[in-house]
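K.L.:
sharing a sequence plus its predicted fold:
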Amino acid sequence: MTIRRPGRPVEHIDASPPPEEEAPRLPFKMPTLMKQHLKADSLRLFYRSLATLLVASVRIDRALELLGRQGDDEHMAHVCRAMSATVSRGQSLSAAMAKWPDEFSELEVRLVQVGEVTGNIDHLLDRLASYEEGRRRVTMRVKGALTYPLFIFAVTVSALVVIPPYLFGGLFKLIESLGVEVPLLTRMVLVFAKVVSSPYFALAVALGALVAVKVLPELYARRSVKLKLARWGLRLPVIGPSLRTIAITRFSRALEIMLNCGVSIDQCIRLSFVASGNPALDERTDLAIERITSGATLREALEETEFFRGGFLQVVSVGEETGRLPSLLSRVADMYEVQLTYTLESLVAALEPLMMLVMGFFVGIFIIASMQPMSQILQKL
């Protein structure tokens, strides 16, 4: 396999963190729900600003101290000040970052470690800023596409809870007091209205929300649960291909930046699989690395995972043959971002009328349920 790696090659970066003192802690234990993480934009600005200060010949500890005194993200400033203290004690920037695993991924720590070894840390920090920009761009496209359908869904659910008891409550009481024969549809709506207007229903909803907020994050943190959800999501129509596209896009960008930095191929695969954010791909890391160490090409190793599409594998094959794999990975990631945008737009275009149809269906049921007994009352007058 031929892969062009500019700059000083780094054959292997030790994956085990160096023995260090305990990571700095906040003076009090924060609840799980209030646990802070670095904002994506703050992380991008951190890398870009730190690279600029290093180019200006500012010491790393001094640069971190300056970054800790400014910015709107107080948590980012706290992390910078803590890392500045760590670096001042003689430890490396990568070692300081490794103390904050919830803020800096292993990929970012290892790339900074590569920059420290090769002496190109300012260049690596710029590349990390671009990498974070790419990740944020994909995330914002997904969020932007799903915001309106989720809003319509929330309005529909709210209408189901509010309309029967509060809009038709007086009408239904009149129907019951007149003693007329209540049609089946009206009886069903009456029962539903009584249930959702009961204080026990509100209590059940509150308890359910509390349990969901407390239990679901802990449940989702389990690797087995994440893996099952990822496998199930990939089988869904429309959503499955979108999840696969997102994972391949993130994988491509991570692999491209590491190949350009000269990281060994087994390290590239391991960290890129993690960077994809999809547990269904991450679980196949050992299989791909085993194929690489046995002499297979990168294309053959990725094909063995049965996750990547044929078009992407062809690009990898061409990149290996021509020695331009990093640049081709960057191009294919851009192409998949555009494809993801079109897919999400099509999904939203299909969801919007569907949500409106569902909302109109239930409103129609409520209207019919109220008009049927009223027509019977008018007939008896």
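P.N.:
Good, I have the coordinates.

K.L.:
what about the residue lying closest to Tyr166 once chain neighbours are set aside, distance to Val182?
P.N.:
Closest residue to Tyr166 apart from its sequence neighbours, by C-beta to C-beta, 6 or more residues apart in numbering: Ser197 at 7.6 Å. C-beta here means a position set from N, CA and C on the backbone, and glycine is covered the same way. Ser197 sits 18 Å away from Val182, going by C-beta to C-beta, to the nearest Å.

K.L.:
who has more neighbours, those two?
P.N.:
Val182 (19 against 15; other C-beta atoms under 10 Å).

K.L.:
quick check: chain neighbours aside, which residue is closest to that one?
P.N.:
Nearest to Val182 is Pro373, by C-beta to C-beta, 6+ apart, at 5.8 Å.

K.L.:
in this structure the one you found contacts Leu184, no?
P.N.:
No - counting by C-beta atoms under 8 Å, Pro373 stays clear of Leu184, with 11.3 Å between them.

K.L.:
neighbour count: the two, which is higher?
P.N.:
Per other C-beta under 10 Å, whichever of Pro373 and Leu184 has more neighbours is Pro373, with 23 against 9.

K.L.:
now the more buried one: how far from Ile365?
P.N.:
Using C-beta to C-beta, Pro373 is found at 14 Å from Ile365.

K.L.:
ditto for Arg59
P.N.:
70 Å.

K.L.:
neighbour-wise, which of these two wins?
P.N.:
Using other C-beta under 10 Å as the criterion, Arg59 and Ile365 rank with Ile365 on top: 17 against 13.

K.L.:
quick one, what contacts the more buried one?
P.N.:
185, 189 (C-beta atoms under 8 Å, 6 or more residues apart in numbering).

K.L.:
kindly recompute the last result at 7 Å.
P.N.:
If you count contacts by C-beta atoms under 7 Å, 6 or more residues apart in numbering, Ile365 has them with Leu185.

K.L.:
do you know the pLDDT at it?
P.N.:
For Ile365, the model assigns a pLDDT of 81.

K.L.:
roughly how far apart are it and Val142?
P.N.:
For Ile365, the distance to Val142 - C-beta to C-beta - is 33 Å.

K.L.:
same check on Leu111?
P.N.:
Noted for Leu111: a distance of 25 Å to Val142, by C-beta to C-beta.

K.L.:
now for Arg309, how many residues are close by?
P.N.:
With other C-beta under 10 Å as criterion, Arg309 counts 13.

K.L.:
likewise for Glu103?
P.N.:
Neighbours of Glu103 (other C-beta under 10 Å): 18.

K.L.:
and Thr285, by the same measure?
P.N.:
For Thr285, the count of nearby residues is 17 (other C-beta under 10 Å).

K.L.:
can you pull the pLDDT of it?
P.N.:
With respect to pLDDT, Thr285 scores 88.

K.L.:
tell me which residues touch it, please.
P.N.:
Contacts of Thr285 by C-beta under 7 Å, 6+ apart are 269-270, 273.

K.L.:
which parts of the stretch 201-350 of the chain are helices?
P.N.:
223-235, 239-261, 265-275, 279-282, 285-293, 298-304, 310-322, 325-380 (DSSP state H, counting those that start in this stretch).

K.L.:
report the buried residues of the shortest one.
P.N.:
The reference is to helix 279-282. 279-282 (16 or more other C-beta atoms under 10 Å).

K.L.:
same thing with the second one?
P.N.:
If you call a residue buried by 16+ other C-beta under 10 Å, then helix 239-261 has these buried ones: 242-261.

K.L.:
list the helices and strands the helix or strand containing Ala96 packs on?
P.N.:
Assigned by DSSP states H and E, Ala96 falls within helix 93-98. Packing contacts for helix 93-98, counted by 3 or more C-beta pairs under 7 Å, 6 or more residues apart in numbering; DSSP states H and E, involve helix 74-88, helix 106-118.

K.L.:
got the confidence number for Pro24?
P.N.:
So Pro24 comes in at 37 (pLDDT).

K.L.:
swap that for Ala301, please
P.N.:
Confidence score, pLDDT, at Ala301: 90.

K.L.:
also Met34?
P.N.:
Predicted confidence (pLDDT) for Met34: 36.

K.L.:
again with the one 3 residues further on
P.N.:
At His37, the predicted lDDT confidence score is 51.

K.L.:
low-confidence ranges in the stretch 201-350 of the chain?
P.N.:
For the stretch 201-350 of the chain, no stretch has pLDDT under 70.

K.L.:
any idea which residue is closest to the centre of this protein?
P.N.:
Thr139 (6.7 Å; C-alpha atoms, centre = their mean).

K.L.:
quick check: that residue vs Ser294, distance?
P.N.:
Going from Thr139 to Ser294 by C-beta to C-beta gives 36 Å.

K.L.:
and the residue nearest to Tyr166, how close does it get to Val191?
P.N.:
The gap separating Ser197 from Val191 is 11 Å, by C-beta to C-beta.

K.L.:
now do Arg59
P.N.:
72 Å.

K.L.:
ok, now Glu74?
P.N.:
51 Å.

K.L.:
assign Thr156 to helix, strand or coil.
P.N.:
For Thr156, the assignment made with DSSP: H, G, I helix; E, B strand; the rest coil gives helix.

K.L.:
tell me the confidence at it?
P.N.:
76.

K.L.:
how many neighbours does the closest residue in space to it that isn't next to it in sequence have?
P.N.:
Nearest non-adjacent residue to Thr156, counting by C-beta to C-beta, 6+ apart: Met359, 4.5 Å away. Applying other C-beta under 10 Å, we find 17 residues neighbouring Met359.

K.L.:
point out where the stretch 1-150 of the chain drops to low pLDDT.
P.N.:
For the stretch 1-150 of the chain, the stretches flagged by pLDDT under 70 are 1-40, 71.
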